[in-house]
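> below: sequence and its predicted model.
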Amino acid sequence: MRYSSNLNHLYTHTISTYIRMHFIEEFSSMSLTLIVSFVTLILYIWLRRNWQRFGWDSSKPLPPGPKKLPFFGNSFDMPSTHQWITFSKWADQFDSDILHLKVAGGDYIVLSSYKASTDLLDKRSGIYSSRPHVTMIQDLWDGDLLFLPYGESLHAHRKLFHQEFHPTNSSLHRPHEKKATIVFLNNLTDTPEEWLKHIEHLTGTTILAVAYGIHVQPKDDPNIAAVEKMISVFKAAAMPGAFLVDVFPILKYIPSWFPGASFKQKAKAWRGIFQETITPPFMHVKQAMASFHYYGYLTYSKYPRKKKPIQQVNGTAEDCFSLRCLQKVKNPDPRPDHLSEEEEIIKETVGTMYEGGADTGITALRTFLLAMMCFPETQQEAQEELDCVVGRERLPDYNDLDESLLPYVSAIVIECFRWQPIVPLAFPHQSVAEDTYKGYYIPKGSIVVPNVWRILQDEKMYGPNTDVFNPKRWLLPTSDIQQRGLGAVSRWKLNPDMPDPMLVSFGFGRRVCPGKHMGLSSFTMNVATLLYSFNITPPMGKDGILIKPEIKYVSVPLYLLNAPSNLVQKTMLQLSDRHY
Ligand code: HEM
């Protein structure tokens, strides 16, 4: 009985073990099948969704481009400087004005012709007007117009810019530009060897006056120093690929004390510098605009926490971009040292003037000076035109800067923008939907870059030898005598059939530069005044022979600006007074 019970037990145990093992076996083969099926299904769905993305749909291939490595794509092909030149070589190699690259897992579309750039960025601007996400700037260092994705916030920022910098408003800014130019000329006369410092001072002075009505000291002004500091910080933050967090945005969640998270402390310190630069001058305008603010408060006895303004006083704020925007605010914060949401947007928008207008203006003037030294005959011709039109008694004025009066000077300005475009890849756009162009598939989220440099080197559009600075490519000789004032005569007129390079130099579509008119008008004024006042020559060697500077450009990280090299910066210039 005991035996049988043991046997029974053994029997039962054996059966249960068998059942368990069988079940486990069954289960594991079943679960394996399930897992495999599930993974296959996910893979299938993912492949179906991404079929086109990887260019495997032969009916809609991706645009051509250099061969991609598995996982790394074209990451190793991407040049670290002068990208526009490499992109241009690839456009020739693949005989295509639209290229596709795979970089750090993202899709990169390069447009190499005027047609492709305007077809996509202008005509389909509903798709191509966003910006790629730069975590270091957007998440860790507050929003910024330049980097804002397409949407309501961008719309609100750009609206303020458009209202202010519409060409009909240019008379508001010109007195400031003119005043800054006079200070610039004085500084150049005193210390011509510090010409680069004076150019930086010039652009900073103009921006501070237009933005906040601040009138800086002719030299060593702390406001200018603050602006310069902010710009250098901004350049470091926006340098492509400088921070791992831009490649792996998830890193933004690691705490700042974590080893390797120094980028978070940097972002915090930079945010501080940014706010310290843009907040005080803006608050100053708000406080000085006392007619729109309340000078004191009454406390209701029934609602002790509610306050009521008791007095309004007349404002002392100077007319400027900030003031004009503040005057239109519907919901201001009544406290002079606080800002409502609407006022915060204004503060940020006005602050973007530094980023948009400072380095671009400086680079444009450096290119102009380099061109004048390397192509002296163009300088002479422009000076003759200025002498005829303006005379010798006064500086050029905005009324003179009409292309019908000073066509040669106008052609120099246009040629500066064409010869060495300041922003050779514009500023990257991002697509918000998938698209097809010329039969090629463009994935949603692609970073789209117009190769402005290549477009402006196109000999079919701009005539032969586009590497040479030649203002005459824009001009026609004319026998029409255009007379003005002193009996000025111009031998030239602008050729109306030439394509306008300004249509590409300032970007495209809904992200086109909102400071375009101001940038162009102040650059033209500076060019005319410099040509009128000084002879611009390269420095003289010990043997008394002029040292012609090398035409060498470096890419400056932020917008990938195309600036004359540091070598040129140090050696480049000698100024001698003409009429100043
Ligand atoms: C010679 C001078 C200038 C040049 C060559 C220039 C060029 C450009 C370019 C190429 C872009 C990118 C456009 C795009 O993404 O398609 C841009 C954007 C911008 N520029 Fe300018 N710019 C100049 C002067 C200015 C000035 C004086 C201001 C301010 C008053 C300014 C403010 C801006 C702003 C705020 C943006 C960002 C627009 C956005 O992202 O929606 N720029 N500029």
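All right, it came through fine.

> for this structure, which spans come out with low pLDDT?
1-28, 46-59, 140-143, 238-242, 290-315, 479-489, 556-560, 566-571 (pLDDT under 70).

> close to the ligand: what parts of it are there?
Counting by CB under 6 Å from any ligand atom, the residues of the chain close to the ligand are 145-146, 158, 161, 165, 352-353, 356-357, 360-361, 364, 422-423, 426-427, 505-508, 511-515, 518-519, 523. Every residue, glycine included, has its C-beta placed from N, CA and C.

> 5 Å instead?
The chain comes close to the ligand at residues 145-146, 352-353, 356-357, 360, 364, 422-423, 426-427, 506-508, 511, 513, 515, 518-519, as judged by CB under 5 Å from any ligand atom.

> burial of the nearest residue to residue 434 once chain neighbours are set aside, as a residue count?
Spatial nearest neighbour of residue 434, chain neighbours left out: residue 444 (4.5 Å); criterion: CB to CB, 6 or more residues apart in numbering. Here the count is done by other CB atoms under 10 Å, and residue 444 has 13 residues near it.

> show me what contacts residue 444?
Contacts here follow CB atoms under 8 Å, 6 or more residues apart in numbering; on that basis residue 444 touches 431, 432, 433, 434.

> that one falls within a strand, correct?
No - with the criterion set as DSSP: H, G, I helix; E, B strand; the rest coil, the secondary structure at residue 444 is coil rather than a strand.

> state the distance from the residue nearest to residue 407 when sequence neighbours are not counted to the ligand.
Closest residue to residue 407 apart from its sequence neighbours, by CB to CB, 6+ apart: residue 492 at 4.5 Å. Per CB to the nearest ligand atom, to the nearest Å, residue 492 is found 24 Å from the ligand.

> quick check: residue 492 touching residue 412?
No - distance between residue 492 and residue 412: 11.3 Å, which falls outside the contact criterion (CB atoms under 8 Å).

> more neighbours, those two?
A direct count of neighbours by other CB under 10 Å for residue 492 and residue 412 places residue 412 higher, at 27 against 21.

> contacts only, for that one.
Here residue 412 is in contact with 368, 371, 378, 382, 471, 527, 531 (CB under 8 Å, 6+ apart).

> of the residues you listed, which belong to helices?
Secondary structure of the contacts of residue 412 is defined by DSSP state H; positions in helices are 368, 371, 378, 382, 527, 531.

> narrow those to just the buried residues.
Of the members of those, the ones counted as buried by neighbours, 16 or more other CB atoms under 10 Å, are 368, 371, 378, 382, 527, 531.

> thinking again about what came up before, may I see the ChimeraX selection of the buried members of the residues of the chain next to the ligand?
One line in ChimeraX is enough to select the buried ones among the residues of the chain next to the ligand; burial here means 16+ other CB under 10 Å:
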select :145,146,352,353,356,357,360,364,422,423,426,427,506,507,508,511,513,515,518,519
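
> show me where this structure has strands.
98-103, 106-111, 297-299, 307-309, 429-430, 435-437, 440-442, 447-450, 475-477, 492-494, 534-537, 553-556, 561-564, 574-577 (DSSP state E).

> could these go into JSON lines alongside distance to residue 118?
Written out in JSON lines, the entries for the strands of the chain read as follows (distance: least, CB to CB, whole Å):
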{"stretch": "strand 98-103", "distance to residue 118": "13"}
{"stretch": "strand 106-111", "distance to residue 118": "9"}
{"stretch": "strand 297-299", "distance to residue 118": "55"}
{"stretch": "strand 307-309", "distance to residue 118": "52"}
{"stretch": "strand 429-430", "distance to residue 118": "13"}
{"stretch": "strand 435-437", "distance to residue 118": "12"}
{"stretch": "strand 440-442", "distance to residue 118": "16"}
{"stretch": "strand 447-450", "distance to residue 118": "9"}
{"stretch": "strand 475-477", "distance to residue 118": "25"}
{"stretch": "strand 492-494", "distance to residue 118": "22"}
{"stretch": "strand 534-537", "distance to residue 118": "35"}
{"stretch": "strand 553-556", "distance to residue 118": "24"}
{"stretch": "strand 561-564", "distance to residue 118": "21"}
{"stretch": "strand 574-577", "distance to residue 118": "40"}
